[in-house]
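J.: test case, fold it:
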Amino acid sequence: MKQTTGAQLQRQGTRWLLLILLLAVVLRLGVALYLGDSTPPAKDETSYSMLAARLATGHGYSFDQPWYPFTPANTPTAHWSFLYTAFVAAIYAVTGLHPLGARLAGAILTGILLPFLLYRLSRRLFPDAPPLKLGRLTFTLHHLSALLMAVYAYFILYSAMVQTEALFICALLWSLERALALSQHLTAGAGPATGRSGWLAVTFGLSLGTAALLRQSILPWVVVLFAWLVYTLLHTRRLHLRTLAPLVAAGLVMLAVILPFTLRNYLVYGDFLLLNSNAGYAMYSAQHPLHGSSFQAFTAAPLPDDLLNGPPLTEAQWDRALMDRGIAFVLADPARYLRLSASRVADYFEFWPTETSRLHNAGRLLSFTLFLPFMLAGLGLAGRRSKAGRSWREFLATPVALALLFMLFYSLLHISTWAMARYRLPVDAVALPFAALTIAALLSLVTTKAPRPGLPPPPLRDHP
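T.: Purely as a prediction, here's the structure:
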């Protein structure tokens, strides 16, 4: 019987990946066309669309009327993602004010990037996964991960919306893959003072900077991520100045990406504002006493009367003042805050039908609801395999541990502040390779022959 060679497997793998990317794009384009050339009123989509239209017509980051939550008309704002607004504005500069153009561009871009980046992350998480066979079909766990991303209904929906979610998740997956690539390089004994280590550091820093410009809520996780990277160096006894240098370089690249917008904010407001002015309002509104001890995800707290009726505040001042009020709510009644945070667990992990639109209900049921059992089983399976024969200290330095750490930290971050199902989507994305692991295990059970070891996929290569 003719045996499949490594080169043939690689060619087959490339064809599978291209077909998956094509499927992802087609599905997203279909939803984009369904959503059409308008945005729903009083939603983030309309805010981004109107802000991008103003930017495209030379009015900068501003609105032509007072805008949620505290931006006066014709006043520079920093409340919304600078990078995503610029992306939509670039499209509007060509097409005019047509949200459908932004939908189609986002559908194509994220339809390619999301499955491809998850494919690469899966290879970092499970580098020794053997090929899978189903009849005459041969594919890998990593192709299965990409396929799940291609058909995951919530990602299809948000890829076609005029919102930051899909592109932010692209940047997040890129940053996790780059973090693992850099960690594996530095702990493998390769000399850090090489072109490859420099390339890894630069791309890692760019991925983090891009993610921060799309959604600044990634920044607390960045601190944890760098701590994990340092831990892997400590654990492998490779922590010294030469191995720390790429981490420092990556941090500097990330800051260099952010710095132009920090300088822009200082020139506009005469005050320090790192990126966006939305963290303070999110903290204030989410902890406001109007919630009692039961969080209402779609209820926005009114701005304080004393701040509204006092001297005019810049957005940087609004951000700090509201952050102080939000923290004061927590300190005034810590027991209520704990009960309030506990109530947000249901909002965050919501997988049942709700009073939202039929489209969102369908998206939820055909994504998180459907795949949750596979995700949980895969997490248990991967955890047992990674932990087998290792101490807890050794396990914490593994790629699987980093994925688990992200899912835990990012979930707690939102549960303790502002939780909605769409804020969980980055966790869904990282959990999909684990769902693929479960499905791969089930496929091996239903095949008549025991799974063969086969040839592992070729290693990922990074070129300076």
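
J.: could you use CA atoms for every contact and neighbour count after this?
T.: Noted.

J.: off-centre distance for whatever helix or strand residue 166 lives in?
T.: Under DSSP states H and E, the secondary-structure element containing residue 166 is helix 165-187. Mean C-alpha position of helix 165-187 versus that of the full chain (C-alpha atoms, centre = their mean, to the nearest Å) differs by 10 Å.

J.: after that helix comes which helix or strand?
T.: Remark: after helix 165-187, the chain's next helix or strand is helix 195-214, criterion DSSP H and E.

J.: alpha carbons of the very next helix or strand once past that next one, as PDB, please.
T.: Of the helices and strands lying after helix 195-214 in sequence (DSSP H and E), the nearest is helix 219-235. Output of helix 219-235 as PDB, limited to C-alpha atoms (Å, rounded to 0.1, in the frame of the first residue of the first chain):
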ATOM      1  CA  LEU A 219      -3.300  45.800  29.000                       C
ATOM      2  CA  PRO A 220      -3.800  44.100  32.400                       C
ATOM      3  CA  TRP A 221      -3.300  40.800  30.700                       C
ATOM      4  CA  VAL A 222      -0.100  42.000  29.100                       C
ATOM      5  CA  VAL A 223       1.400  42.300  32.600                       C
ATOM      6  CA  VAL A 224       0.400  38.700  33.400                       C
ATOM      7  CA  LEU A 225       1.800  37.500  30.000                       C
ATOM      8  CA  PHE A 226       5.200  39.100  30.600                       C
ATOM      9  CA  ALA A 227       5.300  37.600  34.100                       C
ATOM     10  CA  TRP A 228       4.600  34.100  32.600                       C
ATOM     11  CA  LEU A 229       7.400  34.600  30.100                       C
ATOM     12  CA  VAL A 230       9.800  35.500  32.900                       C
ATOM     13  CA  TYR A 231       8.600  32.500  34.800                       C
ATOM     14  CA  THR A 232       9.400  30.200  31.900                       C
ATOM     15  CA  LEU A 233      12.900  31.600  31.800                       C
ATOM     16  CA  LEU A 234      13.300  31.100  35.600                       C
ATOM     17  CA  HIS A 235      11.900  27.600  35.400                       C
END
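
J.: switch to numbering from 160
T.: OK, 160 is where the count begins now, so the last one is helix 378-394.

J.: how far off helix 324-346 does helix 378-394 point, in degrees?
T.: On the basis of axes from the mean of the first three to the mean of the last three C-alpha atoms, to 10 degrees, helix 378-394 is oriented at 20 degrees to helix 324-346.

J.: list the helices and strands the next helix or strand after helix 378-394 packs on?
T.: Of the helices and strands lying after helix 378-394 in sequence (DSSP H and E), the nearest is helix 400-428. If you count contacts as 3 or more C-alpha pairs under 8 Å, 6 or more residues apart in numbering; DSSP states H and E, helix 400-428 packs onto helix 354-373, helix 378-394.

J.: if we use 7 Å, what do you get?
T.: When contacts are defined as 3 or more C-alpha pairs under 7 Å, 6 or more residues apart in numbering; DSSP states H and E, helix 400-428 packs onto helix 354-373.

J.: give the buried residues for the helix it packs on.
T.: Within helix 354-373, the residues that count as buried by 16 or more other C-alpha atoms under 10 Å are 355-373.

J.: quick one: low-confidence parts of this protein?
T.: 160-165, 348-353, 607-623 (pLDDT under 70).

J.: residues touching the residue most central in space within the chain, list them.
T.: The centroid of the chain falls nearest to residue 328 when counting by C-alpha atoms, centre = their mean (2.9 Å). If you count contacts by C-alpha atoms under 7 Å, 6 or more residues apart in numbering, residue 328 has them with residue 585.

J.: over to residue 585?
T.: residue 328.

J.: what's the first helix or strand after the host helix or strand of residue 465?
T.: Per DSSP H and E, residue 465 falls inside helix 464-467. Per DSSP H and E, the first helix or strand lying C-terminal to helix 464-467 is helix 474-491.

J.: what does the helix or strand just after that next one contact?
T.: Using DSSP H and E, the next helix or strand after helix 474-491 towards the C-terminus is helix 493-507. Residues from elsewhere that reach helix 493-507 (C-alpha under 7 Å, 6+ apart): 452-454, 489, 574-575, 578-580, 583.

J.: circling back: need the CA coordinates for the helix holding residue 465. PDB is fine.
T.: Output of helix 464-467 as PDB, limited to C-alpha atoms (Å, rounded to 0.1, in the frame of the first residue of the first chain):
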ATOM      1  CA  ASP A 464     -24.900  65.600  38.500                       C
ATOM      2  CA  ASP A 465     -22.100  67.400  40.300                       C
ATOM      3  CA  LEU A 466     -19.700  66.600  37.400                       C
ATOM      4  CA  LEU A 467     -22.300  67.500  34.700                       C
END
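
J.: list the contacts of that helix.
T.: Contacts of helix 464-467 (C-alpha under 7 Å, 6+ apart): none.

J.: residues in contact with residue 181?
T.: Counting by C-alpha under 7 Å, 6+ apart, residue 181 has no contacts.

J.: could I get the buried residue list for the host helix or strand of it?
T.: Per DSSP H and E, residue 181 falls inside helix 165-194. Buried positions in helix 165-194, judged by neighbour count with 16+ other C-alpha under 10 Å: 168-169, 172, 175-176, 179-180, 182-188, 190-191, 194.

J.: stretch 323-341 too?
T.: Across stretch 323-341, burial judged by 16+ other C-alpha under 10 Å covers 323-341.

J.: and stretch 590-607, by the same measure?
T.: 590-600, 603.

J.: then stretch 413-422?
T.: Buried, per 16+ other C-alpha under 10 Å, within stretch 413-422: 413-414, 416-417, 420-422.

J.: for the residues you listed, which one is nearest residue 221?
T.: Closest approach between those and residue 221, by C-alpha to C-alpha: residue 420, at 14.8 Å.

J.: that closest one contacts residue 435, correct?
T.: No - if you go by C-alpha atoms under 7 Å, residue 420 and residue 435 don't touch, sitting 9.0 Å apart.

J.: the helix holding residue 181: how far from the chain's middle?
T.: Its chain's C-alpha centre and that of helix 165-194 lie 21 Å apart, by C-alpha atoms, centre = their mean.

J.: next: stretch 475-490.
T.: For stretch 475-490, the distance to the chain centre is 26 Å (C-alpha atoms, centre = their mean).

J.: show me the chain divided up by domain.
T.: Following automatic domain parsing, one gets these domains for the chain: 324-432, 434-444+472-488.
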